[in-house]
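K.L.:
give me the fold of what follows.
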Amino acid sequence: MHDSHCVTVYTHRTAGYDQWNLPRVYCRDSNGGEIETPTLGTVEVVVTAFLGVMQMATSQTTRLALTGVELEEYSGSDDGSER
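P.N.:
Here you go, the predicted model:
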């Protein structure tokens, strides 16, 4: 995957935390982007996006970032059941 590549991303955040986890990033054509079994107490989101390069001026480094993000699926923390 590289800059300008279109991807599908599954991300989640446990209730009470500010940080999002991005455990799965797929080529756009490889995944249907579905939340099959929502988890109680966790916000889960599937998005499509393009990979872009973000330049950090202070540290003179670059990172891949998600740009043009579009929501595909959303599951709130009250949805689903305990795993």
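K.L.:
when you work out contacts or count neighbours from here on, use the C-alpha atoms and nothing else.
P.N.:
Will do.
K.L.:
so, low pLDDT: which residues of this protein?
P.N.:
31-33, 80-83 (pLDDT under 70).
K.L.:
ranges for the strands of it?
P.N.:
Assigned by DSSP state E, the chain shows strands spanning 6-14, 21-27, 42-56, 61-75.
K.L.:
go through the ones you listed and pick out the most buried.
P.N.:
When these are scored by mean count of other CA atoms under 10 Å, the highest mean neighbour count falls to strand 6-14 (a mean of 20).
K.L.:
Ala65 reaches Val53, doesn't it?
P.N.:
Yes: contact criterion CA atoms under 8 Å: Ala65 and Val53 qualify, at 5.9 Å.
K.L.:
now the strands of the chain in TSV, with distance to Ile35?
P.N.:
As requested, these are exported to TSV (distance: least, CA to CA, whole Å):
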stretch	distance to Ile35
strand 6-14	8
strand 21-27	12
strand 42-56	7
strand 61-75	7
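K.L.:
ok, back up a step: anything in contact with each of Ala65 and Val53?
P.N.:
Counting by CA atoms under 8 Å, 6 or more residues apart in numbering, Ala65 and Val53 have no common neighbour.
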